[in-house]
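Trainee: Fold the following for me, if possible:
(chains A, B and C)
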Amino acid sequence: MAVPALRGSVSFLRQSFTIASKDLRAELRTKEALNASVAFALVILLLFSFAFEPTEVETRQISGGLLWLVFAFAGALILNRSFARELANDCLDALVAAPISGAALFLGKAVANLALLVAVELVCLPVFGVFYNVPWTLQFWPLMLVVLLGTWGLTVVGTMFSALTVNLRLRELMLPMLVYPIMVPGLLAAVQLTTPLVMGQPLAADLMPWLRLLVAFDVIFTALALALVETVLVR
Amino acid sequence: MRPKIMLAMTGIAALLLARNLYVILQVLPDEEHQNAAYRIMFFHVPDAWTAFLCFLAGMIASVLYLAKNDLRYDGFAASITEVGLAFGAANLVTGMIWGRVIWGVWWAWDVRLTTMLVGCLIYAGYLMLRRAVEEPGERAKMSAVVSIFAFADVPIIFFSIRWWQHQQHPEPAKLPPEWWAALFMNWIPLLLLAGVLLMLRMEQERIQRQVDGLRRTIHAF
Amino acid sequence: MDTRNFTFLCYGLVAAWLILCAYVVTLAARERKLQRELERLRLLVEEKEHTG
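Mentor: Numbering: from 1, shown residues only, chains lettered A, B, ... in the order given. As a prediction, this is how the structure comes out:
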């Protein structure tokens, strides 16, 4: 009795993996969104430096907010393209009609977006360290964990709303408008975790509530998205 | 029949408001630190209660729409979310004015106000999304999903901001019992008014559905 | 009662009710627009039924 369930979930994962690798291959071929996203992120880092002229000490204190604002803005570019890419040649209709569940399609795209976003962030972090003269690798692996968890939250909500807004005229405007307010708790938790980690504090007991909040945020919205994405995609 | 109900509700609400205003202004004594200004709380707090009740009802209606595929649930969800947004805006403005009096600043990142602000932003996005979609079925589905995400997020937003910030909102537990009575007494007329606004708005949704139907007939010719 | 705080109280109450009134006004305006649209469409349908 466990075997069909296991087989079902394996095929679900295989479908998601197929979608994810398709998206990644398509993106890596042209690297359009990747390049635009990285360039945009670097420009924002530069602009913040001009706008606020923070000293090294100040930068360390605002590092979490700075980094996650950059990640959120640059991420919107990638997330927007996620479903918009499929509009040409009716690819989206073909995907929805294909014998894979909406949830598998969503998961595949979300994983691909996660990979792309994390790639952008891994480029941003050293640049941030150089521009602002901040050593950020003191708690490298905990920081990577927080980056991964926070980016997953952003990706899940962003991919969901990318699917929702794909057919709208004002897609580029509606996506950030919907995603950012919903992301407030996730971004807040990520920022509250990133700043101490960049400053070199370990992931200790006083940071645990924020980590738990971030994980809870990720779990709740992943579940909601997987449950509701089918209704959004089927027309 | 319905206009009579709406008129009756408005009438009762007006009477209750008049009575409450008398109680609030004359009967209740001045508070030590805030003198007269604390009385704004009797509108500020029920505004928030009404807004959240509306958002909750909107989410339930959205779930019902997804389950039953009846556009009337969508009409209800849209209407009550809009009414909730109006009360939310009233809550924000009274909160800012109250904050100006007791804290000296127009905005202090207090937990409840900030949560209401983020909530209102999300629901404003909900209304903007509705305006951007022409087809009624599509619009209903998308709005339902946003409404569910939005309301699921509201408690998370509240807890996250509470952990984050330092300033204290006057704790409700410390309020004297006469105040609680006045708060609830003032909530009733606000709920009645919300009901009237909801009925007005739902009537418009019904007309909108007729308009959509006629448009489809014309295109079929 | 402290006059200054009483002024703020008035501002607060007026502001709250103004917002609700503004909402009622927008509702009324939207209702008029919808009724006009409904009439226009009804006439269009009748025309098409007569010619078609």
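
Trainee: Quick check on B:Asn110: phi, psi?
Mentor: Just so we're on the same page, residue B:110 is Asp rather than Asn. Main-chain dihedrals, B:Asp110, degrees, to the nearest 10: phi -70, psi 150.

Trainee: show me what contacts the nearest residue to A:Glu86 once chain neighbours are set aside?
Mentor: Closest residue in space to A:Glu86, ignoring its immediate chain neighbours: A:Leu92 at 3.9 Å, by Cβ to Cβ, 6 or more residues apart in numbering or on different chains. Placement of C-beta: from N, CA and C, glycine included. Each residue near A:Leu92 by Cβ atoms under 8 Å, 6 or more residues apart in numbering or on different chains is listed here: A:Phe83, A:Glu86, A:Val166.

Trainee: Spell out which residues of chain B are next to chain C.
Mentor: Contact residues, chain B versus chain C (Cβ under 8 Å from any Cβ of the partner chain): B:30, B:34-37, B:39-40, B:43-44, B:47, B:83, B:86-87, B:89-90, B:93-94, B:97-98, B:100-101, B:193, B:197, B:200-201, B:203-204, B:207-208, B:210-211, B:214-215, B:217-218, B:221.

Trainee: And the strand or helix carrying C:Lys33, what does it pack against?
Mentor: Per DSSP states H and E: C:Lys33 is located in helix C:3-51. When contacts are defined as 3 or more Cβ pairs under 8 Å, 6 or more residues apart in numbering or on different chains; DSSP states H and E, helix C:3-51 sits against helix B:41-68, helix B:71-102, helix B:177-220.

Trainee: Tell me the gap between it and the middle of its chain.
Mentor: 1 Å (Cα atoms, centre = their mean, to the nearest Å).

Trainee: now A:Trp136, what's its secondary structure?
Mentor: Recorded secondary structure, A:Trp136: coil (DSSP: H, G, I helix; E, B strand; the rest coil).

Trainee: how near is it to C:Ile19?
Mentor: A:Trp136 is 46 Å from C:Ile19, where distance means Cβ to Cβ, to the nearest Å.

Trainee: what's the answer for A:Ala204, then?
Mentor: To C:Ile19, A:Ala204 is 46 Å away according to Cβ to Cβ.

Trainee: Looking only at neighbour counts, state which of these two leads.
Mentor: Taking other Cβ atoms under 10 Å in any protein chain shown, A:Ala204 and C:Ile19 do not tie; C:Ile19 has more neighbours (20 against 9).

Trainee: quick one, what contacts the more buried one?
Mentor: Residues in contact with C:Ile19 (Cβ under 8 Å, 6+ apart) are B:Ala86, B:Ala89, B:Ala90, B:Val93.

Trainee: Let's have those in TSV, adding neighbour count.
Mentor: Shown next, in TSV, are the contacts of C:Ile19 (neighbours: other Cβ atoms under 10 Å in any protein chain shown):
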residue	neighbour count
B:Ala86	26
B:Ala89	22
B:Ala90	26
B:Val93	19
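
Trainee: Point out where the chain drops to low pLDDT.
Mentor: All of this refers to chain A. Confidence mapping of chain A against pLDDT under 70 gives the ranges A:1-2, A:235.

Trainee: try again with chain C
Mentor: C:1-4, C:52.

Trainee: lowest average confidence, helix or strand, in chain B?
Mentor: Lowest by mean pLDDT, DSSP states H and E among the helices and strands of chain B is helix B:2-22, with a mean of 84.

Trainee: Now do the buried residues in it.
Mentor: B:Met6, B:Met9, B:Thr10, B:Ala13, B:Leu16, B:Leu17, B:Asn20 (16 or more other Cβ atoms under 10 Å in any protein chain shown).

Trainee: List, one by one, the residues from chain B near chain A.
Mentor: Contact residues (Cβ under 8 Å from any Cβ) of chain B with chain A: B:66, B:118, B:121-122, B:125, B:128-129, B:132-133, B:138, B:141-142, B:144-146, B:148-150, B:152-153, B:156-157, B:159-161, B:163-164.

Trainee: mind listing which of the residues you listed are in helices?
Mentor: The members of the residues of chain B next to chain A that map onto helices under DSSP state H are B:66, B:118, B:121-122, B:125, B:128-129, B:132, B:138, B:141-142, B:144-146, B:148-150, B:152-153, B:156-157, B:159-161, B:163-164.

Trainee: And the residues you listed, which of them are buried?
Mentor: B:66, B:118, B:121-122, B:125, B:129, B:132, B:141-142, B:144-146, B:148-150, B:153, B:156-157, B:160-161, B:164.

Trainee: Taking chain A, what residue is nearest to chain B?
Mentor: At 3.7 Å from chain B, A:Pro185 is the closest residue in chain A, using Cβ to the nearest Cβ.

Trainee: what helix or strand does that residue sit in?
Mentor: For A:Pro185, the element it lies in under DSSP H and E is helix A:171-199.

Trainee: now that helix, how far from the centre of its chain.
Mentor: Mean-position distance between helix A:171-199 and its chain equals 10 Å (Cα atoms, centre = their mean).

Trainee: swap in stretch A:205-216?
Mentor: How far stretch A:205-216 lies from its chain's middle: 19 Å, per Cα atoms, centre = their mean.

Trainee: So which residues make contact with it?
Mentor: With Cβ under 8 Å, 6+ apart as the test, stretch A:205-216 has contacts from A:146, A:149-150, A:153, A:185-186, A:189-190, A:192-193, A:196, A:201, A:203, B:156, B:159-160, B:163.

Trainee: same thing but at 7 Å, please
Mentor: Contact with stretch A:205-216 is made by A:Leu149, A:Gly150, A:Gly153, A:Pro185, A:Gly186, A:Ala189, A:Ala190, A:Gln192, A:Leu193, A:Pro196, B:Ser160, B:Trp163, as judged by Cβ atoms under 7 Å, 6 or more residues apart in numbering or on different chains.

Trainee: PyMOL command to pick out the buried ones of those residues?
Mentor: Buried residues among the contacts of stretch A:205-216 (16+ other Cβ under 10 Å), as a PyMOL selection:
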select buried, (chain A and resi 149+150+153+185+186+189+190+192+193+196) or (chain B and resi 160)
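
Trainee: And A:Pro202, its phi and psi?
Mentor: Taking degrees, to the nearest 10 as the convention, A:Pro202 sits at phi -80, psi 170.

Trainee: now swap in A:Asn133 and tell me
Mentor: According to degrees, to the nearest 10, A:Asn133 has phi 60, psi 50.

Trainee: Next up, the contacts around it.
Mentor: Neighbouring residues of A:Asn133 by Cβ under 7 Å, 6+ apart: A:Glu56.

Trainee: mind running it again at 10 Å?
Mentor: A:Thr55, A:Glu56, A:Thr59, A:Arg60 (Cβ atoms under 10 Å, 6 or more residues apart in numbering or on different chains).

Trainee: Which of those residues fall within helices?
Mentor: Those of the contacts of A:Asn133 lying in helices (DSSP H): A:Glu56, A:Thr59, A:Arg60.

Trainee: Name the nearest of the contacts of stretch A:205-216 relative to B:Gly75.
Mentor: Nearest to B:Gly75 out of those is A:Pro185 (Cβ to Cβ; 30.3 Å).

Trainee: Would you double-check that A:Leu168 falls in a helix?
Mentor: No: under the criterion used here (three-state DSSP), A:Leu168 is coil, not part of a helix.

Trainee: so how far is A:Ser82 from it?
Mentor: Counting by Cβ to Cβ, the gap from A:Leu168 to A:Ser82 is 14 Å.

Trainee: which of those two has more neighbours?
Mentor: Set side by side, A:Leu168 and A:Ser82 show more neighbours around A:Ser82, with 26 against 16, by other Cβ under 10 Å.

Trainee: Work out the gap between the helix or strand where that one lies and the centre of the chain.
Mentor: Under the criterion of DSSP H and E, A:Ser82 resides in helix A:56-84. The chain centroid and the centroid of helix A:56-84 are separated by 10 Å, computed with Cα atoms, centre = their mean.

Trainee: Also compute the angle for that helix relative to helix A:171-199, please.
Mentor: Helix A:56-84 runs at 140 degrees relative to helix A:171-199, counting by axes from the mean of the first three to the mean of the last three Cα atoms, to 10 degrees.

Trainee: Since that was my last question, I'll sign off now.
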